[in-house]
Structures are given as C-alpha cells and as structure tokens.
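J.: Give me a model of this one.
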Amino acid sequence: MKTLIARHKAGEHIGICSVCSAHPLVIEAALAFDRNSTRKVLIEATSNQVNQFGGYTGMTPADFREFVFTIADKVGFARERIILGGDHLGAKLLAARKCGCGDGKIRRAGKGICSCRLQ
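T.: Predicted coordinates for the structure are as follows:
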C-alpha cells in the first residue's frame with residue numbers, strides 16, 4: 001500500500017478496487033474485476049455486519065476472513081492480494097475501550113476486523 005500511495009502522490013492515476021460489503025455477490029464481483037491484474041482488492045465490512053459478537057451477518061472477524069477467502073478460491077483470486085478492513089470502527093471501538101466493554105474480545109478477534117458493540 002505504501003508503494004501505491006507514493007505512486008499516487010507522484011501524480012500517477014492509480015487505485016484499487018474497494019468495496020464495503022458482506023454480500024457474497026458483491027465480494028465475488030470485486031474479486032472477479034481484478035482477477036487478471038496484479039492489483040490488490042480491499043474488502044471491508046462494517047462493525048454492524050461483522051464483529052466479535054457476530055454482527056447481523058452472524059460472522060466474527062475470523063469467520064468473515066474465511067468467507068472472503070472461500071469466495072477468492074472459488075473465483076481464482078490469490079488470497080495474498082486481498083486486504084481486509086473494517087469501516088466505521090474507530091468511534092465505537094474507542095468508546096468501548098473507554099468503558100471497558102469487550103476488551104478481552106477485542107484482543108481475541110485476532111487477524112481481521114474487530115469492534116465492540118456498546119450496550
């Protein structure tokens with residue numbers, strides 16, 4: 001990503017495909033779009049879709065990672081070219097840490113996306 005940013009700052013018109021969705025058809029389309037390139041694809045989920053409690057999709061961050069990787073394998077997109085991210089995590093996560101909510105669960109989320117639901 002640092003190389004991509006540097007090239008963009010140098011004036012090159014460059015970017016990557018980026019989607020924020022937990023819908024399998026959206027993820028499949030994003031990966032298929034760049035399957036025959038060398039570019040990475042950024043796939044994000046919101047903290048409402050995916051979180052340590054399952055979100056409304058029922059997926060934890062680890063589940064979401066495997067969900068995306070399964071789709072990547074299906075369409076022939078290399079896993080190492082996928083960047084996973086989380087959208088709208090900051091304020092919720094910071095507020096959760098201040099109140100101590102879910103602190104242990106945040107650490108257990110491991111690789112992937114994490115947030116904490118405020119109650």
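J.: tell me what the biggest helix by length in the chain is packed against?
T.: If you go by DSSP state H, the chain has its longest helix at helix 61-75. Applying 3 or more CB pairs under 8 Å, 6 or more residues apart in numbering; DSSP states H and E, we find helix 61-75 packed against helix 24-33, strand 82-87. For every residue, glycine as well, the C-beta is placed using N, CA and C.
J.: among these, which gets the worst mean confidence?
T.: Lowest mean pLDDT within the helices and strands packed on helix 61-75: strand 82-87, a mean of 91.
J.: hang on, the earlier thing: will you turn the helices and strands packed on helix 61-75 into JSON lines that also has mean neighbour count?
T.: Below are the helices and strands packed on helix 61-75 laid out as JSON lines (neighbours: other CB atoms under 10 Å):
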{"stretch": "helix 24-33", "mean neighbour count": "17"}
{"stretch": "strand 82-87", "mean neighbour count": "17"}
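J.: so which of these gets nearest residue 76?
T.: When these are ranked by distance to residue 76, counting by CB to CB, first place goes to helix 24-33 at 8.6 Å.
J.: roughly how far out does that closest one sit from the chain middle?
T.: Put simply, helix 24-33 sits 14 Å off its chain's centre (CA atoms, centre = their mean, to the nearest Å).
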